[in-house]
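Visitor: Give me coordinates for this.
(one chain, ligands or ions: 1)
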Amino acid sequence: MPRSRSINQDDLRNHNLSVVLTTLLQSVSPMSRAQLAKSTGLTKATMSLLSDILLTNEVVEELDPQQKTGNGRPSTPLAFRPGCWVGIGMQINTDGYGYTVTDIAGETVMEEWIDKSMTGTTPDDAFAALDELLRPVEATLKRRNYRIVGAGLALPGLIAELEDGDQRLLMAPNLGWENLDLHRFEVMRRLEAVSDNEANLAAIAQIPGYASCRPTAQVKDVAEMTHADRSSTESRPDETLSPEDSFLYISTDVGVGGAFVRAGSLVRGDHGFAGEIGHVSVDMNGPECRCGRRGCLEMYAGRRELVRNAGIADGDEAVQGRYVKELHDRWRADDDRAVYAIDQALSAMASAASSAINMLDVDTIVLGGFWSVFGDDLAARLRERVIPWVLARHAFNLRVLSCSSLERPALRGAAAFGLRRLIERPMDYLDI
Ligand SMILES: [Zn+2]
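Guide: A predicted model of the protein is given here:
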């Protein structure tokens, strides 16, 4: 039975490599072979073999030996090597399109974003423009000997997985697109790109060590900081997410989306649609939403509706991104309509978020998109409104984190999504 033994050994090696890569990704600092062996439960001999594979394939590199205290030999830490293995993230959004290339060490290799209103752009034109943007990037990466692991594409809509492995965009109402076979676009086929909802990918970008080594701090607990400043007697909770944390990610743009991460893993649901918090109705008699329901969260907390409700612009004009700053300035200046619009949006958001927390049993909300750039106050006020509506509020400390420091998180999550294949199936990419 030599053949089946060989397959099993490959599976085992794939599994072990994946475990080693995950352990190193989730560590806050480089680890020696001995530390990795101890953390993973692998023997030192196996660890030595696996680290040789990762070194030869330029996934990791050896740092300068560290002298141990005591009589032990100096240990050589292994760290992810920049400049070789990359993932490509792409995004088409209402306000433009672009890409980012991230390596496994977490460094941005190349990136570009084209500001352009995409509402009304046909899918053929949008994907052709994305294709044109990516071709020279791929050529440059190839010339510099980068290895492209995979690519992800963030779209503001619902994407279904088809039985033959292809993907279909069911609807992206804010782009005006529906029922779109994504495999028919050349750039998707050429890069073997996998598409996902922008909120799902933005949530992935928040998970430390998902596909590249951990940054120092991605999110800041602005709500808690303000709270702590007011009440110095309370202890300050952890301000950042850990790799195994659970959280509800709320993405705010023209549309409001959401994603749920349980213990460091994205929960997609059976069909990939989990977390659509923007179409949770918070008022059965509210304004009619594009989805056909009344009083959806998006009708109060979405960018277009907030700008309209604040009396800044009307009709399709309200979708222009530049009005966010206007809204923010008017709110700060205590303009009556802006204050009222934000107050309504906060109530709607608190209602939907507390319902989600009660259903999911999760203690952390991460705010993304334009809500996260409104400063500490908004997150703090949201936290204050959510707490009384959480049934088990005495059992845990609710955190409202803001990811304002991470620009275009869905784009970064899309790159991580592409790069993640190397972590899950290392043997498909590495030369043994
Ligand atoms: Zn709706």
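Visitor: Q344 contacts M299, doesn't it?
Guide: No: in this structure Q344 lies outside contact range of M299 using Cβ atoms under 8 Å: 9.7 Å. Using the backbone N, CA and C atoms, a C-beta is placed for each residue, glycine as well.
Visitor: Next, count neighbours for the closest residue in space to A415 that isn't next to it in sequence.
Guide: Nearest residue to A415, sequence neighbours excluded (Cβ to Cβ, 6 or more residues apart in numbering): G89, at 3.1 Å. Other residues within reach of G89, judged by other Cβ atoms under 10 Å, total 30.
Visitor: With the one 4 residues further on instead?
Guide: By the other Cβ under 10 Å criterion, the neighbourhood of N93 contains 24 residues.
Visitor: Can you give me every residue that contacts the nearest residue to it once chain neighbours are set aside?
Guide: Taking Cβ to Cβ, 6+ apart, and ignoring the residues beside it in sequence, N93 has P156 as its nearest neighbour in space, at 5.8 Å. Counting by Cβ atoms under 8 Å, 6 or more residues apart in numbering, P156 makes contact with 92-94, 172, 174-175, 197-198, 253-255, 257.
Visitor: and of those, the nearest to the ion?
Guide: G255 (9.3 Å; Cβ to the ion).
Visitor: From what I see, the closest one and L175 are in contact.
Guide: No: using Cβ under 8 Å as the test, G255 is too far from L175 to be in contact (9.7 Å).
Visitor: Just the ones of the contacts of P156 in helices?
Guide: Among those, the members found in helices (DSSP state H) are E198.
Visitor: which ones among the contacts of P156 come in contact with the ion?
Guide: On the criterion Cβ under 5 Å from the ion, none of the entries of these sits beside the ion.
Visitor: Just among the contacts of P156, which is most surrounded?
Guide: Going by other Cβ under 10 Å, E198 tops those with 30 neighbours.
Visitor: Show me where this protein has its helices.
Guide: Secondary structure of the chain, counting by DSSP H: helices at 2-26, 33-40, 44-56, 123-143, 186-190, 198-206, 222-230, 298-301, 303-309, 323-332, 336-360, 376-386, 409-424.
Visitor: Quick check: buried residues in the third one?
Guide: Of the residues in helix 44-56, those buried under the neighbour-count criterion (16 or more other Cβ atoms under 10 Å) are 46-47, 50-51, 53-54.
Visitor: Same question for the first one.
Guide: For helix 2-26, a neighbour-count test (16+ other Cβ under 10 Å) marks 13-14, 16-26 as buried.
Visitor: mind putting the residues you listed in CSV, distance to the ion and pLDDT included?
Guide: Supplementary listing: the buried residues of helix 2-26 in CSV, determined by distance: Cβ to the ion, whole Å; pLDDT from 0 to 100:
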residue, distance to the ion, pLDDT
R13, 48, 92
N14, 43, 94
N16, 46, 96
L17, 44, 97
S18, 40, 97
V19, 42, 97
V20, 45, 97
L21, 40, 97
T22, 38, 96
T23, 42, 95
L24, 43, 95
L25, 37, 94
Q26, 37, 91
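Visitor: Which pair of these spans the longest distance?
Guide: By the measure Cβ to Cβ, R13 and Q26 form the most distant pair in the buried residues of helix 2-26, at 20.5 Å.
Visitor: centre of the chain versus stretch 38-50, how much separation?
Guide: Taking the mean of its C-alpha atoms, stretch 38-50 sits 31 Å from the chain's own mean (Cα atoms, centre = their mean, to the nearest Å).
Visitor: Alongside the ion, which residues does the chain contribute?
Guide: Counting by Cβ under 5 Å from the ion, the positions of the chain adjacent to the ion are 279, 289, 291, 293, 296.
Visitor: Can you tell me the number of residues neighbouring N145?
Guide: For N145, the number of neighbouring residues by other Cβ under 10 Å comes to 9.
Visitor: now T240
Guide: Neighbours around T240, by other Cβ under 10 Å: 16.
Visitor: Same question for the one 10 residues further on.
Guide: Other residues lying near I250 total 30 when counted by other Cβ under 10 Å.
Visitor: List the contacts of it.
Guide: Contact analysis of I250 by Cβ under 8 Å, 6+ apart lists 199, 256-258, 277, 349, 353, 365-369, 371.
Visitor: how about 10 Å then?
Guide: Applying Cβ atoms under 10 Å, 6 or more residues apart in numbering, we find I250 in contact with 199, 202-203, 256-259, 275, 277-278, 297, 301, 349, 352-353, 356, 365-369, 371-372, 382, 400.
Visitor: want to throw the residues of the chain next to the ion into JSON lines with pLDDT and neighbour count?
Guide: Supplementary listing: the residues of the chain next to the ion in JSON lines, determined by pLDDT from 0 to 100; neighbours: other Cβ atoms under 10 Å:
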{"residue": "H279", "pLDDT": "93", "neighbour count": "19"}
{"residue": "C289", "pLDDT": "92", "neighbour count": "19"}
{"residue": "C291", "pLDDT": "86", "neighbour count": "15"}
{"residue": "R293", "pLDDT": "94", "neighbour count": "15"}
{"residue": "C296", "pLDDT": "97", "neighbour count": "28"}
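Visitor: Can you lay out these as CSV showing distance to A416?
Guide: Below are those laid out as CSV (distance: Cβ to Cβ, whole Å):
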residue, distance to A416
H279, 26
C289, 31
C291, 29
R293, 33
C296, 29
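Visitor: I'm done for today, thanks for sticking with me.
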